[in-house]
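[1] Build the 3D model from these lines:
(one chain, ligands or ions: 1)
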Amino acid sequence: MSTTLHPVAAPAGSGIAQELARGLGPVVGGELPVRLRAWDGSEAGPADAPLVEIRSADALRRIFWHPGELGAAQAYVTGELEVHHDLDDALTQVWDVVRQRGLAGRPALAALARALSAAARAGALGRPPAPPATQARVHGRLHSKRRDRAVISHHYDLSNEFYGRILDETMAYSSAYWRKPPGTAGYTLADAQRDKLSLICRKLGLEPGMTLLDVGCGWGSLSLHAAEHFGARVTGVTIAAEQKAFIDEQIRQRGLEDRVTIRLQDYREVVGRWDAVASIEMGEHVGEENYPEYTRVLAGTVRRGGRVLVQQMSRSGKHPGGGPFIESFIAPDMHMRPVGRTVDLIEQAGLEVRDVHALREHYVWTVDAWLENFTAHREHLTDLVGEEVMRVWDLYLVGGRMAFRDGRMGVDQILAVRPGEPHALAPERGW
Ligand SMILES: C[S@@+](CC[C@H](N)C(=O)[O-])C[C@H]1O[C@@H](n2cnc3c(N)ncnc32)[C@H](O)[C@@H]1O
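    Here you go, the predicted model:
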């Protein structure tokens, strides 16, 4: 990475935007990827670049105190910074420059902070403004049961109605499996989610009467599908109270009382033995330290010869964890790692991994569909949760789609068996 100061033609004029551009040019090492407009009305930067409006000095303060993703996200969600351009396209152009010019490291971020500080003649950067109201505040020991409940509640208890408008009718909140290309007439997100659920049930070899444990069951998409379409007897586990209330109502409406039971329970408290165990996009919440305990629970709750399916997001190479934005606004304490490491940890628990199915582009298409719903219901959703949460979700969905598209994040289904008879897994992939 280089923060070498390249001479850049100083923009004419003496407004705040020009001063900022003068300060940022050397840090960015060339032309700015955006056009800046400041609160005094001044503008600088390439005329055809996405227009970013800095509406108050607080935006600069936030970026000064938290240079990079977090400060910019704080300024965006509070509305102190506005993007007058398609958000995906603007973020992509900025990210391309950050990547190509090696600007993601600490030295570049420090130089950015210095440049802001020098340019902030319109107001000393002083103390940082209070964090936005939407930023999660969690206390206590990392991944204690109490803290995990608070973290999960921050994200999942936004209201069932909110999620109901963004997700499809299955209420699956995880990557779908698109058996037909998105846009195929008559093939919807709900179809792709049902195809994912059936795929999981087939990989698990579910047959009528078999028992299934669904760890981190969300709004019950898999629990209900496995019971209704594969005749399984299912125990679902979640720590989000709103989710349990939602599924209990579904169980009643669909007459599945004898086949599905939902427990409001932490995965660490689950005891019992099931024919098969699934955990769909819950492992990200477990944390690095507790992951061995999580895999022990998966291995310990499945019968000998039984199958375990984990669907989980991964984050490549240098950046494990959740990333500053996700950790601050969406799901604090979230941890993702490269898929190979997860496979390793599952095997260390005594399970034999039989298949890893990469679904990265399926997540791009899934988030696409969520974004479409989010945009279509924008007005109603804003009434439900307020403008600031909507701006958090703008960044979450657009940024998430970019990360899957660029390969910085992935998602995989990992199928494992607990060694022992009967081991009914066919030598061929039959699903
Ligand atoms: C991303 S959602 C996935 C939901 C569902 N599996 C699906 O595919 O739609 C993650 C789920 O994990 C649950 N969860 C997170 N931490 C948990 C914990 N410590 N114990 C039990 N469930 C947990 C959340 O309540 C939520 O239901």
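[2] can you map out the strands along the stretch 1-150 of the chain?
    Applying DSSP state E, counting those that start in this stretch to the stretch 1-150 of the chain gives strands spanning 35-37, 43-44, 51-54, 81-84.
[3] Which strands and helices lie in contact with the second one?
    If you count contacts as 3 or more Cβ pairs under 8 Å, 6 or more residues apart in numbering; DSSP states H and E, strand 43-44 packs onto helix 16-28, strand 35-37. Every residue, glycine included, has its C-beta placed from N, CA and C.
[4] Flag every residue of the stretch 1-150 of the chain that's near the ligand.
    Applying Cβ under 6 Å from any ligand atom, we find that the stretch 1-150 of the chain lies next to the ligand at residue 148.
[5] closest point of the stretch 1-150 of the chain to the ligand, which residue?
    residue 148 (4.7 Å; Cβ to the nearest ligand atom).
[6] didn't that residue look like it was pressed against residue 285?
    Yes: with contacts defined as Cβ atoms under 8 Å, residue 148 counts as touching residue 285 at a distance of 7.0 Å.
[7] ok, back up a step: so which of the helices and strands packed on strand 43-44 gets nearest residue 159?
    With Cβ to Cβ, the closest approach to residue 159 among the helices and strands packed on strand 43-44 belongs to strand 35-37: 35.3 Å.
[8] residues making contact with the closest one?
    Contact partners of strand 35-37, identified using Cβ atoms under 8 Å, 6 or more residues apart in numbering, comprise 17, 20-21, 43-54.
[9] which residues of this protein score low on pLDDT?
    Applying pLDDT under 70 to the chain flags the ranges 1-13, 106, 118-125, 157, 317-322, 422-424.
[10] Buried ones in the top strand by length along it, by neighbour count?
    In the chain, assigned by DSSP state E, the strand with the most residues is strand 302-315. Going by neighbour count (16 or more other Cβ atoms under 10 Å), the buried part of strand 302-315 is 302, 306-315.
[11] As JSON lines, the residues you listed with distance to residue 111 would be great.
    Shown next, in JSON lines, are these (distance: Cβ to Cβ, whole Å):
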{"residue": "302", "distance to residue 111": "52"}
{"residue": "306", "distance to residue 111": "55"}
{"residue": "307", "distance to residue 111": "52"}
{"residue": "308", "distance to residue 111": "48"}
{"residue": "309", "distance to residue 111": "46"}
{"residue": "310", "distance to residue 111": "41"}
{"residue": "311", "distance to residue 111": "40"}
{"residue": "312", "distance to residue 111": "36"}
{"residue": "313", "distance to residue 111": "32"}
{"residue": "314", "distance to residue 111": "31"}
{"residue": "315", "distance to residue 111": "26"}
